[in-house]
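Peer 1: what shape does this take:
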Amino acid sequence: MKIPQHRGPASSLLLQILGQNDLSADMQKLNEAATQALSDSDILYDEDLQLCLFALYELHYGGFEQVSDEWEWHPGLLAFRARLETAFEARLRDAVGELPVIAETADRVAAQLFELAGSSTGPSVSEFVLRHASVEQVKEFLIQKSIYQLKEADPHTWAIPRLTGRGKSALVEIQYDEYGSGNAGKMHSELFATTMEGLDLDSRFGAYIDEIPAITLASVNMMSLFALHRRLRGAVAGHLAIYEMTSSIPSARYARGLRRLGFQSPVTDYFDEHVEADAVHEQIAGRDLAGGLIEADPELGPSIFFGAHAVCFIDDLLGRWQMDAWEQGRSSLRSKELIK
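Peer 2: Sure, this is the predicted structure:
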């Protein structure tokens, strides 16, 4: 993807550094800018810091045009990222608070996760899309989702070599479906690209990065935070479990909302696919992935449930962000110019 526009002092310095080939660049000013931002703002909504995290994580995925791959493991950038990650994780743990007593059998673990998945009290974006959203609002919704859905499954795949046994097998089974079961055209990321194209949106990954608000970046950055640290392998498993458990019913609403607006297959295929696939995946994710991991190693329980609770927390904030904007008659994006 192309280098995004900066959103403050820290991201301005970071993107300048990434645009150079001089790997001896001084990180002192970058760290000073981060220190100031960390002391002044809530990291979940800080445009500057969330963009920094996104850019640093993206070095481990597809990277950026005209940015050297040598930056991926640069010690100075890794140290800077660690500072941001420490604050980000602390904010999430503070929000999640004390975890419940965690069951130790797969069936009971799954039951606890299903209960959590159904406990959200946040506004329902899927209900709004089903009944009320305009075409422009659906475009905004797709743009918000695109920063993850166009590389769907990739963060969770980092966990495969870090797991063993039943949990590992369950994760591979889910990921095989996510990547199209051997058919590139059926990859969920490709189906989502088709949905975007059906609404005349740019389906290139990162095409709308400058329009994506910090809270949406935080939801994606959380996946990479969990995925890129072995100590948080339980959290990324819990993250995926809740994602699968909360996908099928909303996907059915999104598909019906698109049909209400006159769209049919292949535009609706992405959401139609998730109605069926995630109805199966939620059982695998709850019992075999999360439950299997905890049965084999109960010490992973707190990490798994931290990841699951963090998803629910961030998703409620993101849903509230979008619904507040629409109810007030404004865009949920940073600017509407790129979707006209």
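
Peer 1: now the nearest residue to S41 once chain neighbours are set aside: how far from D210?
Peer 2: Nearest in space to S41, with sequence neighbours left out and distances taken as Cβ to Cβ, 6 or more residues apart in numbering, is L49 at 7.5 Å. Backbone N, C-alpha and C define where each C-beta goes, glycine included. Separation of L49 from D210 (Cβ to Cβ, to the nearest Å): 16 Å.

Peer 1: more neighbours, those two?
Peer 2: L49 (29 against 17; other Cβ atoms under 10 Å).

Peer 1: what helix or strand is the more buried one on?
Peer 2: helix 47-58 (DSSP states H and E).

Peer 1: the residue nearest to S41 touches A10, doesn't it?
Peer 2: Yes - using Cβ atoms under 8 Å, L49 is in contact with A10, at 6.3 Å.

Peer 1: anything in contact with each of these two?
Peer 2: A34, A37 (Cβ atoms under 8 Å, 6 or more residues apart in numbering).

Peer 1: which residues are in contact with D177?
Peer 2: A277, H281.

Peer 1: for it, pull up the helix or strand it's in.
Peer 2: Assessed by DSSP H and E, D177 sits inside helix 165-178.

Peer 1: got the CA coordinates for that helix in PDB?
Peer 2: The C-alpha coordinates for helix 165-178 follow below in PDB (Å, rounded to 0.1, in the frame of the first residue of the first chain):
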ATOM      1  CA  GLY A 165      -2.600 -30.300  19.500                       C
ATOM      2  CA  ARG A 166      -6.400 -29.900  19.200                       C
ATOM      3  CA  GLY A 167      -6.300 -26.100  19.300                       C
ATOM      4  CA  LYS A 168      -3.800 -25.900  16.500                       C
ATOM      5  CA  SER A 169      -5.800 -28.300  14.300                       C
ATOM      6  CA  ALA A 170      -9.000 -26.200  14.900                       C
ATOM      7  CA  LEU A 171      -7.200 -23.000  14.000                       C
ATOM      8  CA  VAL A 172      -5.900 -24.500  10.800                       C
ATOM      9  CA  GLU A 173      -9.400 -25.800   9.900                       C
ATOM     10  CA  ILE A 174     -10.900 -22.300  10.300                       C
ATOM     11  CA  GLN A 175      -8.100 -20.600   8.400                       C
ATOM     12  CA  TYR A 176      -8.400 -23.100   5.500                       C
ATOM     13  CA  ASP A 177     -11.900 -22.000   5.000                       C
ATOM     14  CA  GLU A 178     -11.000 -18.300   5.400                       C
END
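
Peer 1: the residue nearest to T194 when sequence neighbours are not counted: what's it in contact with?
Peer 2: Of all residues not flanking T194 in the chain, P266 sits nearest, at 5.1 Å (Cβ to Cβ, 6+ apart). By Cβ under 8 Å, 6+ apart, P266 lies in contact with L191, T194, T195, G198.

Peer 1: if I read this right, Y148 contacts S219, doesn't it?
Peer 2: Yes - applying Cβ under 8 Å, one finds Y148 in contact with S219, separated by 7.3 Å.
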